[in-house]
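Chemist: Dropping a prediction and its sequence here:
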Amino acid sequence: MIHNGMEFDTYFKNYPDKDGFFGKYGGAYITEELKAAMDEITEAYFTICKSAKFISELRRIRKEFQGRPTPISHLERLSGKLGNVQLYVKREDLNHTGAHKLNHCMGEALLAKYMGKKKVIAETGAGQHGVALATAAAYFGLECDIYMGSVDIKKQAPNVARMKILGANVVEVTHGLATLKEAVDAAFAAYAREYKDSIYCIGSVLGPHPFPMMVRDFQSVVGIEAREQFMEMTGELPDAIVACVGGGSNAMGFFSGFLNDPVDIYGVEPLGRGTTLGDHAASLKYGEEGIMHGFNSLMLKDENGEPAPVYSVASGLDYPSSGPEHAFLHDLGRVTYDVIDDEDTIDAFFALSKTEGIIPAIESSHAVAYAIKLAQKMGRGSILINLSGRGDKDMDFIIEKYGIR
Ligand SMILES: Cc1ncc(COP(=O)(O)O)c(C=O)c1O
């Protein structure tokens, strides 16, 4: 399919290019020493991860340990309130550990094992990536250091406990806003010290090459499964698909199954408290080109050109940039990136819980809220939402801040 002059039949062969670029975005803006470590991972990825042995082991793990394939559910009661639009959700909340993050963590940790590394290192925001990586580390018998901002440690206490129970070392990051960006800074610094025996397992389609490509490829199982399942369920493709975008891993994996189809694709960023800089984390909608954490993408900047402070009710979405492939798809016009604020998100959180018996993660609730608005605009058709995770981790925070509605 050709979209705005871009041939999507050959898209995955061409992007990223050999240096990790999606057009002008991506790359690897890091020290020579770290570049050598990244080149080792890239090399290993292309030789090991494309081997039949690796692929069949990962497939077995996904089926027997993760519980894949995750189903698609028709939101019958919610759709009934929206006229002639039918809403469906891809149930990544039913993936083991409660979110999509395990899809790339099992891949990254399996790669670490094949490379003979002893430890995995990562950052986490909502704690979902940390829990997923701690799970993968326990499964493969690897050491695991997870860097997390003190604000998120408090907000996501159940996930902190889970990581510790799984045997991970949770390292508190106290500088700056003490949220996701600072956790990435600290994890990178640790990896620069320890790269010989460890592997960095970034939590999204972010960071220097090869991570945006590798994480997308491991997450593409979501889009591949969803496309096949939806066709089997309904006999046709959805008219639109929707996913929330923080760093962008659940969205990129989901979108990759539909890029070459006549399907409208929407990425939803957090508008938080509003459009003022510092009150949201919508980098694709409001950001400009900039380099951070080793990659070039769209980024929210302060008056000095540094990454701006960001905010979202969802800890997993409050990052001042997004993956380079999203910036590329944004500029190409293949994906529409739009925003949803905290209030609509929390309304959607309760609506999905009460009408369908599914308590979504606050991150995923952004996608649900957007799909509800989109349905009202579309009037008829079908929308498939990627429900990236479940809301168990958010219970304490929701009850304390919003009460039970
Ligand atoms: C359930 C859930 N969805 C979405 C995200 C956002 O990450 P990404 O944009 O990489 O999918 C997170 C991050 O922690 C998450 O926990």
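Modeler: Good, I have the coordinates.

Chemist: Buried ones in stretch 213-228, by neighbour count?
Modeler: By neighbour count on 16 or more other C-beta atoms under 10 Å, the buried set for stretch 213-228 is 213-223, 225-227. Any C-beta I mention is one placed from the backbone N, CA and C, and that applies to glycine too.

Chemist: need the strands for the stretch 101-250 of the chain, in chain order.
Modeler: Taking DSSP state E, counting those that start in this stretch as the criterion, the stretch 101-250 of the chain carries its strands at 119-124, 143-149, 169-173, 198-200, 240-244.

Chemist: Show me what the shortest one pairs with in its sheet, parallel or antiparallel.
Modeler: Strands flanking strand 198-200 in the sheet, each with its direction: strand 119-124 (parallel) (DSSP bridges).

Chemist: Need the contact partners of the strand it pairs with.
Modeler: With C-beta atoms under 8 Å, 6 or more residues apart in numbering as the contact definition, strand 119-124 has outside contacts at 108-109, 112, 129-131, 133, 136-137, 142-148, 152, 159, 163, 180, 183-184, 186-187, 190-191, 194, 197-203.

Chemist: Buried ones among these?
Modeler: Judged by neighbour count, with 16+ other C-beta under 10 Å as the criterion, the buried members of these are 108-109, 112, 129-131, 133, 136-137, 142, 144-148, 152, 159, 163, 180, 183-184, 186-187, 190-191, 194, 198-203.

Chemist: one step back: can you say which two of the buried residues of stretch 213-228 are spatially most distant?
Modeler: In the buried residues of stretch 213-228, two members sit farther apart than any others by C-beta to C-beta. They are 214 and 227, at 21.2 Å.

Chemist: Contacting the ligand as well, which ones from the contacts of strand 119-124?
Modeler: residue 129 (C-beta under 6 Å from any ligand atom).

Chemist: among the contacts of strand 119-124, which are in helices?
Modeler: Counting by DSSP state H, these place 108-109, 112, 129-131, 133, 136-137, 152, 159, 163, 180, 183-184, 186-187, 190-191, 194 in helices.

Chemist: quick one: the closest residue to residue 393 other than its chain neighbours from residue 109, how far?
Modeler: Leaving aside its chain neighbours, residue 393 sits nearest to residue 159 (5.1 Å; criterion: C-beta to C-beta, 6 or more residues apart in numbering). Applying C-beta to C-beta, to the nearest Å, the value for residue 159 to residue 109 is 18 Å.

Chemist: do residue 375 as well
Modeler: In this structure, residue 375 and residue 109 are separated by 38 Å, where distance is defined by C-beta to C-beta.

Chemist: can you check residue 351 too?
Modeler: When distances are taken as C-beta to C-beta, residue 351 and residue 109 turn out to be 36 Å apart.

Chemist: ditto for residue 118
Modeler: Using C-beta to C-beta, we find residue 118 at a distance of 12 Å from residue 109.

Chemist: What of residue 58?
Modeler: Using C-beta to C-beta, we find residue 58 at a distance of 10 Å from residue 109.

Chemist: same question, residue 345
Modeler: According to C-beta to C-beta, residue 345 and residue 109 sit 31 Å apart.

Chemist: next one: residue 32
Modeler: Using C-beta to C-beta, one gets 27 Å for the distance from residue 32 to residue 109.

Chemist: after the lowest-mean-pLDDT helix or strand in the chain comes which helix or strand?
Modeler: Among the secondary structure pieces of the chain, namely its helices and strands, strand 2-3 has the lowest mean (mean pLDDT, DSSP states H and E), a mean of 84. Sequence-wise, the next helix or strand downstream of strand 2-3 (DSSP states H and E) is strand 6-7.

Chemist: Would you mind extracting the C-alpha trace of the next helix-or-strand element following that next one into CSV?
Modeler: The element immediately downstream of strand 6-7 (helix or strand, assigned by DSSP H and E) is helix 11-14. C-alpha atoms of helix 11-14 as CSV (Å, rounded to 0.1, in the frame of the first residue of the first chain):
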residue,chain,number,x,y,z
TYR,A,11,8.7,-0.7,4.9
PHE,A,12,10.2,-3.2,7.3
LYS,A,13,13.0,-4.1,4.9
ASN,A,14,14.0,-0.4,4.7
